[in-house]
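>>> After the sequence you'll find the predicted model.
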Amino acid sequence: MARCSTHCIERPLRLCFQMMGAFIGSHPWWFLIAPLLLSMGLGGGFYFLKEELSNNIEEQFTPVDGQAKTERRFIQETFPGNDSMFSSLRLSTRGSFATLIATSDWNILAVEPLQDILDLDSKIRRMVVHVNQQPLEFVDVCAEVMGSCASNDLLDIIGYKANNIDAVNLTFPWYHTGLRDVPLHLSLGSVTLNNEGSVVEAAQALQLHYYLNEEDSRTTELWLESFIKLLSDQSPTHIQVTFSTSMSMQWEFEKSPSSVVSLFSITYAIVIAFSVLSCWRSDQVRTKVWVASCGVLSAALAVVSGFGVLLLLGQPFVVTAASCPFMILGIGLDDMFILISCWHRTRVLDSIPDRLADTYREAAVSISITTLTDALALFLGYSSPFGSVRAFSLYAGVSVCFCSLYSLTFLGACMAVDGRREADNKHWFTCAKISEDSPPADSKTFSACCVGGSFDWTTEREETRPVGGIYEQFYGPFLTHKLTKVCVYGIYAGYLAVSIYGCFTLKEGLDVRNLALDDSYIRKYYDDRTQHFSDFSYTVMVAVKQPFPYWHQEEQQLLLSCISKFESLNYVNSTIGWFSSFQQYTNAANLSTGSQEAFQAHLAPFLELNSPFRLDINWTADGQIQASRFFIQTLNKSTMKDMLIGLRETARECPVELLVYHPAFIYLDQYTVIKDTTVQTVLVAVLAMLLVSLLLIPSPVCSVLVAFAVCSVIVGVTGFMSLWDVSLDSISMNNLVMCIGFSVDFSAHVSYAFISSSKSDSNQKARDALAHFGYPIMQGALSTILGVAVLSVSGSYLFRTFFKIMFLVICFGLLHGLVFLPVFLTVFGACWAQQ
């Protein structure tokens, strides 16, 4: 195979880094102080953190230009609400409300549980909140229907008297009264019916809603806060109560950042301890304790600068960006371990500028590849339709840039200052000059604590650490043995098979309950709702967007055929609407509606009797019907994605121009874009990473192998995160984009070391690469895992997901960098750069 190489960028880059290292080594204090001052200045941006907080769930976790948002605008413009005629069925948003679910192990419709519910209802209605020193009860803030507060149907049916339940024959799912049909499936859950199949014998759950007027948001929020406090203090005798409000999820989600604040200090303490221990040497001069500590400080400064500059520029801060410091810590330490490893291989007797120049020359390509690929992957994530992904990508991407800058300036300057101490053979702690050799009369304790500075006089380099020597003397020869290679291929085949299986079982979409902390009261509410009210799903609006001749017989059939198509869907239960009710009304009264005049003449008295239907018709100025709507009751017989897509396709295929909408569609829209967006972003990022590798690694074959390793890691992470109960949503999408940058780090280090080796045999080149970068790669991986390990005990799904994916990325990246890729490189060992 012909040898091939690309040095046009790699060699000039190494030269530039070499010159930079020499300059920093000559003037370290400039580059030590300047980053500190810059970070202090940019850190002032944290003053605006509260102003820039943007944790609105709809804005951040739904597609920015989602189809449902366009549909909502049409509904709001075409069917404006009426403050005196509230209807929860017709809300274009979730509305403002409080709700509770009362459950009983036996029968919630027994007199004792019902009495507990009525007592609780009375307390809620009599609850007083003070607004501007004015006492307000529920009646003062409620949503009104014909001058009265919107009430709960079941309590109306029994006349707010528990004993009346024995005199009522409730039918399910609809209860028919003389005036209207009541949807009991919204109030009763886990219902037991009699043998005839419609009369309710028992139920385990009862749900109540308290809808509020939305005119004064502050008053509404005060009432909802009082509702939560009241329900938190209640302990009824015969029922168990869970509760929530329209603002609960938002309020609980905003608690997520504070839940990990304490973990930051723990993380940095753990990582500092690990860094110091892993860089510790028994030689009291050559040990890199201070450099390790400065490496952690450098990563912290990068976070302060990156976050600060974006806050100064007015960039909204979303809770997803709170996981960035953990990621930046891992990237910064990876660069630090690479720099320290390259420093150890420089000539001890050279001047400090020369040693730092050689260090930068050796680390140039590795650091450049990791920085460029990390930053590119993250900035490409800014094209996502989700605000939370954009915020994370921007904050993380800018912080990565600062991390690289500070690694080359601040950390390099720290190495130069520490190198001067080494050159003077001074103790790492006392800075007192000590002897290189211990006199024979001195104790072992003196030799261990007060002696240092030795090196190999033959090579003029520092002595190899015992841990680092394992990769050169034992692990490298073991991995390149023929039998080991065969085993590695078998292990890789198993890894790939399990990963692909996991990819096919991956679930999509964000379960909104996961935005709350694990101990949140609303999780119990959602559990009860899932357990007892899961048979029936959303009541979806279907809007007729065009002027339509409802009186025309043939045109009527077109609309009825559309309704029939909806009803034929297995997840549609029934249709509710003014048009079908009007047909029943005219048929019962034997009225003719064959002409426009007759239709409109009979429609007016019908709407007087059924005033809520007035909200379903949009009239033009000259009395024509511009648009109207009806409703379809759906069932939980399919996935949310299939239901959403099925309803929209049915509407699109109808000869009448229709639109389907429900407030929940705003959130369900994520199902329509999350997979395609993730795949597109990942593919573009991989291509960008491949381009960077081709430019910087002097071997196209090795660059392709790095890209292959990255794709393999992504497949593994995606498959195993499915097996670890993580769905593909806007939160995990953040981490998959980040996965590209992290997964390339280990592979790029090994590939570049392989192609840069002066050895002739491919097996020897692989051993050389592992000897040079095996230990720092392991250090970087372990420090990153330790950095995110504390998130595994977080009470937030968001941060636990970050931990899970980071853990998978690091483990699989390490597996590829230290096991799979070195073996693959030996197969393609005939193609490497001429040295």
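Alright, I've got the coordinates. Residues are numbered from 1 along each chain as shown.
>>> Just the element for the residue positioned nearest the centre of the chain, please.
Against the mean C-alpha coordinate of the chain, by C-alpha atoms, centre = their mean, the closest residue is residue 731 at 1.1 Å. Element membership for residue 731 (DSSP states H and E) is helix 730-756.
>>> mind listing what's buried in that helix?
Within helix 730-756, the residues that count as buried by 16 or more other C-beta atoms under 10 Å are 730-756. C-beta here means a position set from N, CA and C on the backbone, and glycine is covered the same way.
>>> The stretch 151-300 of the chain: strands as residue ranges?
174-176, 181-183, 188-193, 200-211, 240-245 (DSSP state E, counting those that start in this stretch).
>>> Helix, strand, or coil at the residue lying closest to residue 693 once chain neighbours are set aside?
Nearest non-adjacent residue to residue 693, counting by C-beta to C-beta, 6 or more residues apart in numbering: residue 703, 3.8 Å away. Assigned with DSSP: H, G, I helix; E, B strand; the rest coil, residue 703 falls in the helix class.
>>> What's the separation between residue 703 and residue 748?
In this view, residue 703 and residue 748 are 9 Å apart by C-beta to C-beta, to the nearest Å.
>>> now swap in residue 251 and tell me
44 Å.
>>> And for residue 391?
Per C-beta to C-beta, residue 391 is found 27 Å from residue 748.
>>> ok, back up a step: common neighbours of residue 703 and residue 748, please.
693, 697 (C-beta atoms under 8 Å, 6 or more residues apart in numbering).
>>> who are the neighbours in contact with residue 751?
Taking C-beta under 8 Å, 6+ apart as the test, what residue 751 contacts is 693, 697, 699, 702, 703, 705, 706, 769, 821, 825.
>>> most neighbours, which of those?
In terms of neighbour count, residue 706 stands highest of the contacts of residue 751 at 32 neighbours, by other C-beta atoms under 10 Å.
>>> Verify the stated contact: it with residue 691.
No. When contacts are counted by C-beta atoms under 8 Å, residue 706 is not listed as touching residue 691 (11.5 Å).
>>> Turn the strands of the stretch 151-300 of the chain into a markdown table, columns for distance to residue 515, mean pLDDT and mean neighbour count.
Rendered in a markdown table, the data for the strands of the stretch 151-300 of the chain read as follows (distance: least, C-beta to C-beta, whole Å; pLDDT from 0 to 100; neighbours: other C-beta atoms under 10 Å):
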| stretch | distance to residue 515 | mean pLDDT | mean neighbour count |
| --- | --- | --- | --- |
| strand 174-176 | 34 | 87 | 15 |
| strand 181-183 | 28 | 86 | 16 |
| strand 188-193 | 24 | 93 | 19 |
| strand 200-211 | 21 | 95 | 21 |
| strand 240-245 | 13 | 96 | 22 |
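>>> can you list these in CSV and add distance to residue 544?
CSV is the format used below for the strands of the stretch 151-300 of the chain (distance: least, C-beta to C-beta, whole Å):
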stretch, distance to residue 544
strand 174-176, 24
strand 181-183, 22
strand 188-193, 32
strand 200-211, 27
strand 240-245, 34
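>>> closest one to residue 671 among the ones you listed?
Closest to residue 671 of the strands of the stretch 151-300 of the chain is strand 240-245 (C-beta to C-beta; 23.1 Å).
>>> quick one: contacts for the residue nearest to residue 379 when sequence neighbours are not counted?
Nearest-residue entry for residue 379: residue 397, 4.6 Å, with adjacent residues in sequence omitted and distances by C-beta to C-beta, 6+ apart. Contacts here follow C-beta under 8 Å, 6+ apart; on that basis residue 397 touches 374, 375, 378, 379, 381, 382.
>>> and the fifth one, how many residues sit next to it?
Neighbourhood size, residue 381 [other C-beta under 10 Å]: 28.
>>> That one contacts residue 392, doesn't it?
Yes. At 7.1 Å, residue 381 counts as touching residue 392 under the criterion of C-beta under 8 Å.
>>> Mind listing the shared neighbours of those two?
In contact with both residue 381 and residue 392: residue 734, using C-beta under 8 Å, 6+ apart.
>>> which residues of the stretch 101-250 of the chain score low on pLDDT?
Applying pLDDT under 70 to the stretch 101-250 of the chain flags residues 178-179.
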